[in-house]
Each structure stands twice: as C-alpha cells, then as structure tokens.
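K.L.:
I would like to see how this sequence folds:
(5 chains)
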Amino acid sequence: MTGTQVRLGRLFNPVSGRSFVTAFDHGTNLKVPAAAGRPLDLLAKIVEGAPDGVLLGPGMLRAGAHLFAHRGAPVPVLRADWTVIEDAWKRDSGEHYKVMLSPNEALALGAGAICMYLIMGPAQGATFADNVEQVARASQEAHRVGLPLIVEATLWGTRHTDKKNPEALQHACRMAYELGADAIKTEYTGDPGTMREIIDSVAVPVLTLGGAEGARDDVIRAAKDAVGAGAKGLIFGRNVWNTPDPVGTSRELAAIVHGDL
Amino acid sequence: MTGTQVRLGRLFNPVSGRSFVTAFDHGTNLKVPAAAGRPLDLLAKIVEGAPDGVLLGPGMLRAGAHLFAHRGAPVPVLRADWTVIEDAWKRDSGEHYKVMLSPNEALALGAGAICMYLIMGPAQGATFADNVEQVARASQEAHRVGLPLIVEATLWGTRHTDKKNPEALQHACRMAYELGADAIKTEYTGDPGTMREIIDSVAVPVLTLGGAEGARDDVIRAAKDAVGAGAKGLIFGRNVWNTPDPVGTSRELAAIVHGDL
Amino acid sequence: MTGTQVRLGRLFNPVSGRSFVTAFDHGTNLKVPAAAGRPLDLLAKIVEGAPDGVLLGPGMLRAGAHLFAHRGAPVPVLRADWTVIEDAWKRDSGEHYKVMLSPNEALALGAGAICMYLIMGPAQGATFADNVEQVARASQEAHRVGLPLIVEATLWGTRHTDKKNPEALQHACRMAYELGADAIKTEYTGDPGTMREIIDSVAVPVLTLGGAEGARDDVIRAAKDAVGAGAKGLIFGRNVWNTPDPVGTSRELAAIVHGDL
Amino acid sequence: MTGTQVRLGRLFNPVSGRSFVTAFDHGTNLKVPAAAGRPLDLLAKIVEGAPDGVLLGPGMLRAGAHLFAHRGAPVPVLRADWTVIEDAWKRDSGEHYKVMLSPNEALALGAGAICMYLIMGPAQGATFADNVEQVARASQEAHRVGLPLIVEATLWGTRHTDKKNPEALQHACRMAYELGADAIKTEYTGDPGTMREIIDSVAVPVLTLGGAEGARDDVIRAAKDAVGAGAKGLIFGRNVWNTPDPVGTSRELAAIVHGDL
Amino acid sequence: MTGTQVRLGRLFNPVSGRSFVTAFDHGTNLKVPAAAGRPLDLLAKIVEGAPDGVLLGPGMLRAGAHLFAHRGAPVPVLRADWTVIEDAWKRDSGEHYKVMLSPNEALALGAGAICMYLIMGPAQGATFADNVEQVARASQEAHRVGLPLIVEATLWGTRHTDKKNPEALQHACRMAYELGADAIKTEYTGDPGTMREIIDSVAVPVLTLGGAEGARDDVIRAAKDAVGAGAKGLIFGRNVWNTPDPVGTSRELAAIVHGDL
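P.N.:
Numbers count the residues shown, from 1 in each chain, chains lettered A, B, ... in the order given. Sure thing, here's the model as predicted:
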C-alpha cells in the first residue's frame, strides 16, 4: 500500500466505508456572487458541517488553511485544473481545459487528494485529447508523490445534450478508471439501475456530484438513491453551501452517506 | 508564514495596514511618448514621492536598480507579463497575452513582488484560458521561491464594453483569488457599495488601479472612496507620474492611503 | 500557512490544543523481543488506543499502511533517521548517526510528519556536527515539500551522564528550534519548573517522551506534570505498547493530554 | 546591478551609507539561557529597537516571520551555517563547520541576505579548506538567485590565540572578499589605524561584530571607533539583547552608526 | 499495490505461497574455483532446475541474460552490494561493505528483485551504520522504481561467534523489516521454535539461506524444518549448484518448498 492509497483511505469513514465531501471550488471557473458571503466565512461553515473532505481551489486553501490544520478536520482536496462550465460562456468563448497545479505542488500546499476533470464531448476533439493526456500524466505523478487523484468524469462538452446519459457516463467513468483515477466523481444518472451499472464498470470508488441547486427533497432523494446504488459517497457543493442552513444540510447529507441503508 | 507572506507584508504600512504603489510599467506595452522625459529621471521622481512600492518592467528595474538599493526605498514590483492594452492596437493586431519572466527570475532581479494580468473577455477564449493557466502556474512557483503574486484582474477584453461593471469585476477578482493571487489589483467600480462587495468576495488584499489620467479632483475622490470601501491601497501610474508634480501627487495619494479615514 | 503547518496542525486536538502520539519505531535500532508479539498485531492495538499519531519506521508503515488508511486514523509519523541507543551497543561499536529517508520520500509513503534525532554529546564531535547538518537540511526540504519535522532533542551522547540535566536539555531544545524544528520531542526533566523554562525557550510545541518502561504511577505522574508545565503533548512508546493493556493505557494517557488540567 | 546588489543596498541607510544590524542567531550554536526570556518576546524587542537588519537562524525566522512582514521592518538576515564557538566545547568535541541552508532556501524563507563564517586557524586544515569551499560556492549561488552574502571573517580557530590580531584579521577579510563576499563582518581590532587598513584591504563594506558582553562604555567606544575608522556599520548581538534595555541600547547604537562622526 | 509488490509476488508460487530461489552470486565475493565449471554452463543447469528465482551478480546476469529471457524462466534477482565473507579475508583486510548498483540500475538490467546484506556485528560500528544507511536508502529508491528489496540479515560480523544465535538473528531480521525490506533472507536457526519466533517478529516473507555445503540429509531436514516453521521459501546456493546433480537437487528442494507440509 502506497502513500496514495493511505491518503485515499483517509477520505473514507471506516464504518460506512463511504465519504461525504463538500465542493467549494466554484469560484475558480463559475460566478460565485457576492451575495454568497465572504469566502472564509462560508468555508468555516462548510468545515463546521463536518464533511470528510472539502474540494477547493489553491487560493482558497492558502487563505483558509487554518480551518484544516487540526486533528479531525476535513481533508483538503485541491481542484487542480480549470475549464469553462457555464453554457453562455462556452458559446461566447469556446471550451477550454488547463491545468493549474501539479500533484507535487498540491501536496506542498497540504492537500490530501486532487480532483481533475475528464469532460467528454467538447466541440474540438483536441481539447478532449489534451484533457486525457493531462489526467493520465497527473495520475503518474500523483502516484509517485503519494497523492490520490479523483477524476470528475462528465458529459459537459457541447456535443452532449443529455448530460446524464447513462451509456455515455459509463463510457466517461470507464475511461477515467482506465487512465488511472483513484476515485471517480460523476453525475447521478437519476436511476439506481443505470448508476449501479456505471459503478460496476470500474474498480475504484465512485462518488456522485450534486450539480446546480435542486429542490431539497430532490437532493435528498438523489443522495439516498446514489448511495443505495453503490456510490461510495457524495461530492456536493451548491446544494450544501448555497442553502439557508449549510451546516445542517451538510450534517443531513453526511448522515445519509454514513447511515444504514 | 512563508517568504511569500513576509515579502507581501513588506509592501504594507504597519500602522495603516495599507499600501501605496506607483505603477511605471507602461512602457512595456503602452506608448510612453518622449515628452514624458528620460525614464530614470522620472523613476527618480517616483521614488522621491515615497510610495511603498513601484511597479515596473524588467528593463527599467535593471537600469534603475540603484534607486531601490537603500534602506527605506520602495519595494520593486516586477511586471511579469505582457499584453495589448490600447484599443487601436487590439483592433489592428488582436488580443495577446505572454509571460515575460518567471517568479524565480523576478526574485533574481531583486523584486519584492510580481504583478500579472488576468484579463476577462478577450475575443478568443483560448487567450483567456492561457492567461488563467499562466497565472495559476506562476502562483505555484511564486510560493515555492518566496515571492508574492499580485494579480491585476480587469475587464479589458474586447467582449466587455463596460470596463467597470461591478458584477464582472467581482467575477474576475474572485477568480484571481481562487487561482492563487496573494493580492489583487483591480478597477475602482466608481461606487463604494459595489467595491466593498468585491473586496468582501476575496480573502486577500485588494488595491485599486488608477487607469488613464483623470481630473485631479476625480482622482483624489476615487482614491478616498476606494480606501473607504475597504481597499488595502492604490496602484496608480499615469495619475502620478504624468502630472505636473509627480512627487507632490505621490505624497498626497500616500497620505490618503495611510491617513485616518 | 503552508502544507507543513497544515499537516503539523492535524496532529493536534482543536479543543485541547495538544497531541498524544504513540511511538513504535523501536525496532529500527533497539531490540524488540519476539515476546512483544507480532508487529502488526501490536500496531493494530496501538491504533485501537486512538492516539493522534503513531511514530514508526518505514518498513512498519509499509506493512501496516491499511491501519492508517481511514478517516480518523492516527497520523503516521515516520522515523527518518537511525542511531545507536543502547549503552552496551555504544560501548561496543561507538555512536553513529545516519539518515534513512528524506522528507520527500516520507511524504510519498503517506507520512503526515517525520521525526529526526538531535543527540547532544556523542564522543566524536563530528558525529554531532553531521547530525546538526542533516537536521538543518531536512528542515529545508520538509518545508519545501510540505511536511513538518519533529526533532527529538536528547542528551543520549556518552559525554552526558545525567540524561535529564535541565540546562543541557534546554540547550538541545533551543538548538533544535533554531535549526528549524516544527515541534520538539524531548525528555521530561522530572520537574515542572525546569520543564517550563525549556518550553519557554522555544517558539514551537514541545512534546515529552516516555523512555524506558516505568512504574505505572510514575508514568502517569510524569505525563500529568509535563502537560501541566506547558508541554503540548506526549510521545510515549514502551510505556504504552509494552504494558499489559496497551489500548487502555493509550486511552488513559490521551485523556490526560486532552483533559482539563 | 543585480538583485544581490539591490538587496545588499537595502541594508544600508541612504543618508549615512551605513547599517546597524542586531545579531540574534546565538541559539544555533551557543547556549542561550532560559533566563534570556522567550525568544519571540526578545525578538520583538530587537525589532522595536529599529535596526536595519536582524541576523537570525532559520527556525527563529519561521516562528517570528510576522515581525518582519511590514513596510520598514528590519531586513531578515539568515545565518546559513553552523560551527562550534565555545572554547570548552571545542576542547571536548573539536572544531566543525557545516552548512545549514543554501542561498536559494534562504530566499524562499524571506531572507534579504545570508551570513556565513570564514574561520581562520582551526586545528584541522581540512576544516578550513571545507569552509573556504562552502563560502565560495554559496557566493556563486547567492549571486545567481539575487541574495547578498555577508562573510563573517574571524580568527576563532584554536591555532589563533590573539583573536584580534590585525594582520591575521586582514588576511581573513581579504580572503573573504576574494572568495566573493558582498560584505564582511569581522572583529574590531581595538585600534582605528589597523582597522582602517583592514577596511582599505577590501572593496566591499565592512561591519564590525560585538562579541561577548562588554562594559557599556567600552561597547560604545568600540562602536564609535570602528565607524570612525571606516566601518560601514555594526552587527552587535549580546551587547544589544542581553542588556537591561535592549530597545534603548539598539537605538543608541543605531544613532552612533547613522550619526555625524 | 505497487510495482514493487507485483514483482515481489511473481517470485512466489500461487498455490504454495512459497518460493525456491537458487543463489549463484558467490563469485562476487567468494572464491569460486575453476573446477566449478564454466559459469554459463552451471547457470544453465540452475535454470534447468526450475527454481522460482536465481540470485546472481550483475556480470553473470549480463552474460547469461538469455537464460532468463523466456516465459516461465526463473526471476533474475540481482545481488546489489558487496562485502567480505571469508574469515581469512576478514582477518587480513577487515570487514567492508559497498553497494554495487542501485535499484534503478538493477531494473535496467532486467532484475525482478535485488538482494542486499544487513550484517550485524562488524568490528567497526561505522561499517554497520553505513550498511544500515545503504539498505534504508535503497529501500526508498526500490519502491520508487517498482523493485522489491530482499535483505539478507546475518550475524557475519566478527563480533558474533554464534552465527545462528536466535535472539541476535531476530534482532537483525526485525531491523531489516523496519528499514524497509520487502522480504528477508536469513539463517535457519536450527530449531523450528526459535525460527517461528523470528518469522513472527516481522511482517514480510522470510526465506532461509543454505550457507556452506552440508550433508545431503542435513540440508533436506533444514529445508523441511524451516518451511515447517513458517519460512516462505529457501534461497540455497552451494547446496544446489555445488552438488553432483544440481538439476535434481534443485527439483527436490523445490518440491519440499511447494509441497504439502
């Protein structure tokens, strides 16, 4: 067992075998409005919600490092790349993919894992090919330095109109696994049956993402169904921190993840 | 606390907690007419004006290094990248972004900080994506070698017609922060309320820029209002050195920055 | 705040501000008799005792990595150097000091911190000078890669007959601090007054070591007195794992460390 | 002019052309007794005394970095090597010389200069030859990365009984200069005439050291005489911080250094 | 699981879980008389004996590489260090320990594992300390490049008169394990009870060595007893290749190793 595997394991609860991670990396490439509040105030609430990990950008980790510097604090998971996510922005400026930092640099910042996108279906095939190369190479470096790589496999490319198409998501997740992902973050298909097929298609843990804000009941149901389908956890962002009670929401979702099914 | 943080702190007055920096990097990408005078004569006046730092290009720092080589001299802040700023030039030749020097190279030249652009809205999305990547990677290297990175977040891309749009500036500043800026240089929105929202959106110091020459009263008012809104300082260029009395203007602005509000 | 500081913080309880670490690195340079039991069985008990960290050698971490690979597991702290500790062995073969692995290698193995000796008073001054150099250089690399260095400052050199001489221990701890230790492991002097003086002589956390097996009451008293004198924790080995009930002993000592004084 | 020269200049007052530096690196290799007080309390007083620079070890700079992180703060000068200074210790353990950190590492910690010993006359010629090599090589690296190297040229080797022998000191200082020192720290010979000869023997600034605590009047006289003889400043330690009023003493010595002669 | 573990596993039979290795590295430091025959002829017979691995020196592997270049061939295990073994030679020239090649170099030669000594009790303590350092460092490099390290833990130092002292062998094996051995080669104590204690003291496979030629029945009995005591295999040399029928002897020993107990 290597440092990579030790650090991956530290994201997962030993009893449930699952992990609840709050994503707060949106400011790297999405508009986080001023109304969302001061970033460190919000980060403090996220940490108070006691997730197993927090996904965030390098600047946020630097400024908020003290929130992770105690026994029992969530594991800081660094967003290591950048892409265009908003549809309007893509229409204006096209689809792009860039790496922000290497596994070695993430480790030096105190990260316990990194997360990188694998986005199927951008208009330009070269964009996807570059994405594949960057993920594959980062996986090699991550293993050499002892850091796990979570690959966020999605259908966000403009060639895909159905962002939750089970067959295409299975394709994306399988590719992420084959390239060297230590864990996969992907969409919940909306259906336990197809979700289980995706999970069974790879031999690493799968965590589902939350995406844009949904109705509370829908979010809870999706969380339960994903875990019921075999997901090893959730990585939820706006459905945690952009709710009236981020601390309570976080604890509720964590209870779903770690509770009896 | 790292070398990066030590050097960042040395730009800020311990009593006011703020910084006044004179920008004199215009010659790297703007036309500075011969009438502006000999560069080292002007640089000497800028230093005589006793700012906390001077932003300048690598050639200017080499030629004028003696002006920074004494106890109490302003901190030399190196412009580390290059872009097209003038509208006519952009129309003729397009929008481009290039890195001139690395943090390590800036440190070897005696710099106490570097400044890089993050320009939202160029016509080509690839230009912006490259800008993001260069800033993110420079941030990593800057921290490794112990140098702070000031990111100048602007709406200078031709897609933006309102260069002071508060919502778009907030987006730009938040992205600069998330990518790893140690401090941010940006436009004053013209309104203390929206300026404060921008400042509250990031967890690093924000300094406002001066831009093109304005009427003396307007410049003073903008300086006061920005600081009143929570800006940790000013980085003013032409409104200092391209005035009839650069030394006096510098001292007046510094007094605003460091004075009681 | 750097990765080094984030990882150092993760050893300390946020409420008590202190840390209880079990040392199990004895097999690297002391005789651990077969009667002590299978190494992984004992390591499992040590982990069950719920310390904040476990100090161990590289081979033990590799073989027992699964015990550290879950949320809430103790932080693995790697012993990075080797020396002769037993008096009889020193008399036979002299005093020697060698480095086993670098901070970068420790990080790749999954370590959250490393521990190195600074042993005052070996017969050969060159041995000590080499020890100083290795600790100083490792401190630099540790900070570059984001790992904290705990320096174990002792009087184990044969020139020192009183291994708990307060003045000499203060000298050793101060030197460890000056060379760049992020935390210090040292002897409890046996007296709260002198212990407090040592702790006040450095600006990093001090944890006291347990040493050879003692009577249960003496061990408990030394633990309480050290914490009362300002120690930020304990790093106890044989007085934990070489007792009839390692799990219970560990919990009792942890309660002392984290309890109200 | 390079970064090395810019940073060297920033240690010197532009009006007097001289520099007053407080040395507080004693804990790296001398016994600093607990009675001297908490290290950061003392460091805060040293900074309050407003010297142009403070010489200190890497651990002290890390822990006290905030004291240097503001405009106008003294320049942190890092002690980059280690040696045995006390006579009793030399007799016991011999004379040793080791490098603690490289110029590049010093820069990453926020240093504005480094200081290294050049100690003439150790019992073993190989020790001196190694010292020469380390200083010469560090000078090369320091210039490449933009950091000035102050060489502390002394007669502390046991072969020298008269530690202030003018001819031998001139030999040491000339060698330091020839090897690449950007400034020299050395003994005051006790006599302005010989001191001036030494200063005239080199083409870089010479600063005199304070050494062990002396009577107040003697210290003041030595400071005045050294500056009168052409010294570009003082680097005084125990005669500042180990006095009843470190802040007042520092200011008094600074006034001598920067005052009219 | 890393490359190191994959390659280590390939030495072991999946049914028995054990390994039989023939050692033929004697020429690196022992006198192999001309009467032993042409080296490649003997190596061909060793391979014909179908062991799971063959331990040999770098020159032997280069010249005989073709014997290992087919599916099902034994795994080449490279001897990576050198020492003096013969008593007469030690008396004449002292005890020495040197590394011949690095794990990276072994991999480039086609090795599936490397073997290094850890020899307790040489007359000079510095020799042992250097041995410890070399083994520890090689273990780090071996894991980085994906090669398993077998440490041959023995009491061959002249301070040990009883080369099979169980307590001392347990000490040696435990140290080898703690330093990072992936498997251990050591003496059979001559007694299953003490052998089992040694095996239980480490958490990696233990293989027993054959040593000097013995009577056939003694060799067979030692092999059976060692495996019965829990040894995961044998590494036998002269008792294989220096017998009248190397092929038959090899097959007989392999049958013991892999047979039902």
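K.L.:
how about the residues of chain A near chain B?
P.N.:
A:25, A:27-29, A:31-34, A:37-40, A:57-60, A:62-64, A:82, A:84, A:92-102, A:105, A:108-109 (CB under 8 Å from any CB of the partner chain). For glycine as for every other residue, the C-beta is placed from the backbone atoms N, C-alpha and C.
K.L.:
of those, which belong to helices?
P.N.:
Members of the residues of chain A next to chain B lying in helices (criterion: DSSP state H): A:39, A:40, A:58, A:59, A:60, A:62, A:63, A:92, A:93, A:105, A:108.
K.L.:
from the residues you listed, which has minimum pLDDT?
P.N.:
Least confident of those in the model: residue A:92, at 87.
K.L.:
what residues are up against the closest residue to that one other than its chain neighbours?
P.N.:
The shortest distance from residue A:92 to any non-neighbouring residue, by CB to CB, 6 or more residues apart in numbering or on different chains, is to residue B:159 (6.7 Å). By CB atoms under 8 Å, 6 or more residues apart in numbering or on different chains, the residues touching residue B:159 are A:92, A:93, B:120, B:121, B:122, B:123.
K.L.:
among the residues you listed, which pair sits farthest apart?
P.N.:
Within the contacts of residue B:159, B:120 and B:123 form the most distant pair, 11.9 Å apart (CB to CB).
K.L.:
tell me, what's touching these two both at once?
P.N.:
B:157, B:159.
K.L.:
looking at these two, which one has more neighbours?
P.N.:
residue B:120 (22 against 15; other CB atoms under 10 Å in any protein chain shown).
K.L.:
so which of the ones in helices among the residues of chain A next to chain B is the closest to chain C?
P.N.:
Taking CB to the nearest CB as the measure, chain C sits nearest to residue A:108 out of those, at 4.0 Å.
K.L.:
count of residues packed around the closest one?
P.N.:
Residue A:108 has 23 nearby residues by other CB under 10 Å.
K.L.:
list the contacts of the residue nearest to it when sequence neighbours are not counted.
P.N.:
Once flanking residues are discounted, residue A:108 sits nearest to residue C:146: 4.0 Å by CB to CB, 6+ apart. Listed by CB under 8 Å, 6+ apart, the contact set of residue C:146 reads A:107, A:108, A:109, A:110, C:2, C:3, C:4, C:6, C:7, C:107.
K.L.:
looking at the residues you listed, which has the smallest pLDDT value?
P.N.:
At the low end of pLDDT for the contacts of residue C:146 is residue C:2, which has 85.
K.L.:
what number of residues lie near the nearest residue to that residue once chain neighbours are set aside?
P.N.:
Residue nearest to residue C:2 in three dimensions, not counting chain neighbours: residue B:2, with 5.6 Å by CB to CB, 6+ apart. Using other CB under 10 Å, residue B:2 has 22 other residues around it.
K.L.:
hang on, residue B:2 packs against residue C:5?
P.N.:
No. Contact criterion CB atoms under 8 Å: residue B:2 and residue C:5 do not qualify, at 9.2 Å.
K.L.:
so what's residue A:65 up against?
P.N.:
Neighbours of residue A:65 in contact, by CB under 8 Å, 6+ apart: A:76, A:110, C:1, C:2, C:5, C:6.
K.L.:
residue A:114: what secondary structure?
P.N.:
strand (DSSP: H, G, I helix; E, B strand; the rest coil).
K.L.:
ok, now how distant is residue A:63 from chain E?
P.N.:
34 Å (CB to the nearest CB, to the nearest Å).
K.L.:
what segments of the stretch 51-200 of chain A are strands?
P.N.:
A:53-56, A:75-79, A:81-83, A:97-99, A:113-119, A:149-154, A:183-186 (DSSP state E, counting those that start in this stretch).
K.L.:
turn those strands into TSV, columns for distance to chain D, mean pLDDT and mean neighbour count.
P.N.:
Listed next are the strands of the stretch 51-200 of chain A as TSV, based on distance: least, CB to the nearest CB, whole Å; pLDDT from 0 to 100; neighbours: other CB atoms under 10 Å in any protein chain shown:
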stretch	distance to chain D	mean pLDDT	mean neighbour count
strand A:53-56	24	98	29
strand A:75-79	21	98	27
strand A:81-83	26	98	23
strand A:97-99	23	98	22
strand A:113-119	23	98	26
strand A:149-154	27	98	27
strand A:183-186	33	98	27
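K.L.:
pLDDT wise, what is residue A:212 at?
P.N.:
Reported pLDDT for residue A:212: 87.
K.L.:
name the nearest residue to it, ignoring sequence neighbours.
P.N.:
residue A:238 is the one closest to residue A:212 (CB to CB, 6+ apart), at 6.4 Å.
K.L.:
phi, psi of that neighbour?
P.N.:
phi -60, psi -30 (degrees, to the nearest 10).
K.L.:
pretty sure residue A:74 is touching residue A:55, no?
P.N.:
No. If you go by CB under 8 Å, residue A:74 and residue A:55 don't touch, sitting 9.8 Å apart.
K.L.:
now for the two: what residues contact both?
P.N.:
Shared contacts of residue A:74 and residue A:55, counting by CB under 8 Å, 6+ apart, come down to A:21, A:22.
K.L.:
residue A:186 contacts residue A:175, doesn't it?
P.N.:
No. Using CB under 8 Å, residue A:186 is not in contact with residue A:175; the gap is 11.2 Å.
K.L.:
shared neighbours, the two?
P.N.:
Joint contacts of residue A:186 and residue A:175 (CB under 8 Å, 6+ apart) are residue A:153.
K.L.:
the residue in the stretch 101-250 of chain A that chain C sits nearest to: what's it in contact with?
P.N.:
Residue nearest to chain C within the stretch 101-250 of chain A (CB to the nearest CB): residue A:110, separated by 3.3 Å. Residue A:110 makes contacts with A:61, A:65, A:68-69, A:76, C:1-7, C:146, as judged by CB under 8 Å, 6+ apart.
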